[in-house]
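**Student:** with the input below, show me the fold.
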Amino acid sequence: MINRIIEWSAQNRFLVVLFTLFAFGGGVWALYWTPKDAIPDLSDVQVIVYTEWMGRSPNLLEDQVTYPLVTTMLAAPRVKYVRGVSDFGQSYVYVIFEDGTDLYWARSRVLEYLSGLTGRFPPGATPRLGPDATALGWVYQYALVDESGKQDLASLRSFQDWYLRYWLQSVPGVSEVAAVGGFVKQYQVQVNPSALLAYNLPLGRIIEAVRRSNLDVGGRSIEMAQREYMIRGRGYIRSLADLEQIAVGTDGRGTPILVKDIARVQFGPDMRRGIAELNGRGETVGGVVIMRYGQDVLAVIDAVKEKLKEIAGSLPKGVSVVSVYDRSELIYRAINTLTEKLIEEIIIVSLVCLLFLYHLRSALVAILILPIAIAISFLPMYYLGLTSNIMSLGGIAIAIGAMVDAAIVMIENAHKRLEHAPPGSPRLPILVEAAKEVGRPLFFSLLIITVSFLPVFSLEAQEGRLFKPLAFTKTFAMFFASLLSITLAPVLMVWFIKGKIFPEHLNPVNRVLIRLYQPLVQWVLRRRWTTVLAAVVALGLTLPAFWALESEFMPPLNEGSFLYMPTSNPGLSVTEASRILQVQDLAIKQFPEVESVFGKIGRANTATD
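**Tutor:** Okay, the predicted model is just below:
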């Protein structure tokens, strides 16, 4: 059958080239639209239930929030396990589902089970789902830098929370923009205990009076002069003076007691659970762009950068957005690595054909097959939902060497056939016979190499998520290379193997290699048992080195961005933590190789941190 395919391809060159062009065009289209990332997403299918109940101890949160959530989520379908973490004022419940579960189906199930807990949580504790993102969702981080010195940390944080965050969240593919650092501005009422005692007022009445006075209410309508007017009471607090004028009761003579009589009203910062610092220059405000599950990382990052350029004119005067982590740099490096290897392979193939065959046009057969097979490999990648990352591109890079073997062997065999053919013999039958002679063993040899990676598909969990993209892309590349070797290769041989064919004995390189090779082969064949014994001994000598090799789950990836995570006393104060963070960042920034240092202590305002 393979011989018939080779013969048909050589006789129907136009159709073969037409089908190849269509497949190559589809591959280029898939190459452009295939999602691009740095590494495969190794995270489990996870849904985070986040509850904020500020001011409460971890023990109280564990008993009244975390434990009811964990015990309820254990009964959800396809749940592997549930982890709960109780922090000061915050509760995290991680619901881990079985591999292959659709993330949005899992989120729907968690919402169903949350609805069954309605009314069981204390007032002020409302569980909510974390963003629809994975552990690798932190794709871009930035810091707000004020060069003018007119903006304080509170102003920068307010701009981040009320403007910049919503601008970036409107970018397609962005699930959440989390803030870290700065001060969240608050209206603060500092009550004087002596005044409360003098007026005989409980603290709860002050809290209730402030809460009830910060409301807009609606009423009925009235008719005046043949028109209808809606009645409403406007009571939102808009200034510190509004807070000061709130009545909390009366004294013994009926005089209203105002908030300003018993407390001091001022603006102040909320309790901080995270600090950000840049380049040892002092505290700053940072943001984390968290990508939605299943999106194209490179496309999302590019869209975020375009949005930042678009809103540059809307930033406060003297304020700029500085990138402190950008995963697209690693993605581009991975793509450039494949491009470089492809170019190197093309140059090597050209040199080999020129050096051993003295025929540069013959190299075009292998040179053209290589990029075509790689491009077509992206078609199944796109439709299977695989991302273009270090591992998947690594599979193609591994396959490149074997992909050109078939074409080179076919070219060399065609040269030998033409060299020994009688003068004036027609070229087409000779080239077809040469391709048929080696086409079948070459095709099956490539398929055997392809099948050798099939056990990788049996890996599960994180191992499977890491290595399956490599196995997929290597399998695709080898399969399409073997298919092109029996379809496109004969066509290209007919077109490009023309002109004078130099005999092998006239090539000085071949003459030297043959003189070295023939005596060695004859010696090995005369001493067969000695050769086998030497091979067994050589294999045995490798065992100590094999046992001494260290093992690691992942190879080291030089991303260019280092994560330095020191530990400190758990009770470290915010002021001391800020000082230590600045000193460390300044010390690291002194290295000439370091471009920037972004330090974070505590947590960002997101359930994913």
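**Student:** ok, for residue 189, nearest residue in space, not its chain neighbours?
**Tutor:** residue 263 (4.9 Å; CB to CB, 6 or more residues apart in numbering). C-beta: built from backbone N, CA, C; applies to glycine.
**Student:** okay, and the beta partners of that neighbour?
**Tutor:** Bridge pairing for residue 263 (DSSP bridges) gives the partners residue 191.
**Student:** that one and residue 193 touch, don't they?
**Tutor:** No: if you go by CB atoms under 8 Å, residue 263 and residue 193 don't touch, sitting 10.1 Å apart.
**Student:** poorly predicted segments of the protein, please.
**Tutor:** Scanning the chain for pLDDT under 70 picks out the ranges 358-359, 424, 499, 502, 504-505, 553-559.
**Student:** longest helix anywhere in it?
**Tutor:** Taking DSSP state H as the criterion, the chain has its longest helix at helix 461-496.
**Student:** what are the boundaries of the helices in the stretch 251-400 of the chain?
**Tutor:** For the stretch 251-400 of the chain, the helices defined by DSSP state H, counting those that start in this stretch occupy 259-262, 297-310, 328-357, 363-384, 390-403.
**Student:** please identify which of the ones you listed is closest to residue 575.
**Tutor:** helix 259-262 (29.9 Å; CB to CB).
**Student:** what packs against the closest one?
**Tutor:** helix 193-199, helix 203-212, helix 240-244 (3 or more CB pairs under 8 Å, 6 or more residues apart in numbering; DSSP states H and E).
**Student:** how about that helix: buried residues?
**Tutor:** Residues 259, 261, 262 are the ones in helix 259-262 that count as buried (16 or more other CB atoms under 10 Å).
**Student:** and what of stretch 232-243?
**Tutor:** 240, 242, 243.
**Student:** wait, residue 581 touches residue 275, no?
**Tutor:** Yes: counting by CB under 8 Å, residue 581 touches residue 275, with 6.4 Å between them.
**Student:** joint contacts of those two?
**Tutor:** Shared contacts of residue 581 and residue 275 (CB atoms under 8 Å, 6 or more residues apart in numbering): residue 601.
**Student:** adding distance to residue 143, write the helices of the stretch 251-400 of the chain out as a markdown table.
**Tutor:** Listed next are the helices of the stretch 251-400 of the chain as a markdown table, based on distance: least, CB to CB, whole Å:
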| stretch | distance to residue 143 |
| --- | --- |
| helix 259-262 | 38 |
| helix 297-310 | 12 |
| helix 328-357 | 17 |
| helix 363-384 | 36 |
| helix 390-403 | 27 |
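**Student:** of all those helices, which lies closest to residue 115?
**Tutor:** helix 297-310 (31.5 Å).
**Student:** so that closest one versus helix 328-357, what angle?
**Tutor:** Using axes from the mean of the first three to the mean of the last three CA atoms, to 10 degrees, the inter-axis angle of helix 297-310 relative to helix 328-357 is 130 degrees.
**Student:** and helix 297-310, what does it pack onto?
**Tutor:** Helices and strands touching helix 297-310, by 3+ CB pairs under 8 Å, 6+ apart, are strand 138-146, helix 165-169, strand 283-291, helix 328-357.
**Student:** now do the buried residues in it.
**Tutor:** By neighbour count on 16+ other CB under 10 Å, the buried set for helix 297-310 is 297, 298, 299, 300, 301, 303, 304, 305, 307, 308.
**Student:** tell me the one of the residues you listed nearest residue 9?
**Tutor:** residue 298 (37.3 Å).
**Student:** does the closest one touch residue 34 like I think?
**Tutor:** No: applying CB under 8 Å as the test, residue 298 and residue 34 come out as separate, 10.0 Å apart.
**Student:** returning to what we had before: out of the helices and strands packed on helix 297-310, nearest to residue 439?
**Tutor:** Once the helices and strands packed on helix 297-310 are compared by CB to CB, helix 328-357 is nearest, at 18.9 Å.
**Student:** what's the neighbour count on residue 99?
**Tutor:** For residue 99, the count of nearby residues is 14 (other CB atoms under 10 Å).
**Student:** where along the stretch 501-609 of the chain do the strands fall?
**Tutor:** With strands called from DSSP state E, counting those that start in this stretch, the stretch 501-609 of the chain shows them at 598-602.
**Student:** was I right about residue 189 contacting residue 211?
**Tutor:** No: look at residue 189 against residue 211 with CB under 8 Å: they stay out of range, at 11.2 Å.
**Student:** higher neighbour count, those two?
**Tutor:** Just comparing residue 189 and residue 211: by other CB under 10 Å the higher neighbour count belongs to residue 189, 20 against 9.
**Student:** outside of stretch 422-430, which residues touch it?
**Tutor:** Residues contacting stretch 422-430 (CB under 8 Å, 6+ apart): 10, 414, 417, 418, 421, 494, 497, 498.
**Student:** filter those to the buried ones?
**Tutor:** With burial judged by 16+ other CB under 10 Å, the buried subset of the contacts of stretch 422-430 is 10, 414, 417, 418, 421, 494, 497.
**Student:** pretty sure the first one sits against residue 494.
**Tutor:** Yes: Residue 10 is in contact with residue 494 according to CB under 8 Å; the separation is 5.9 Å.
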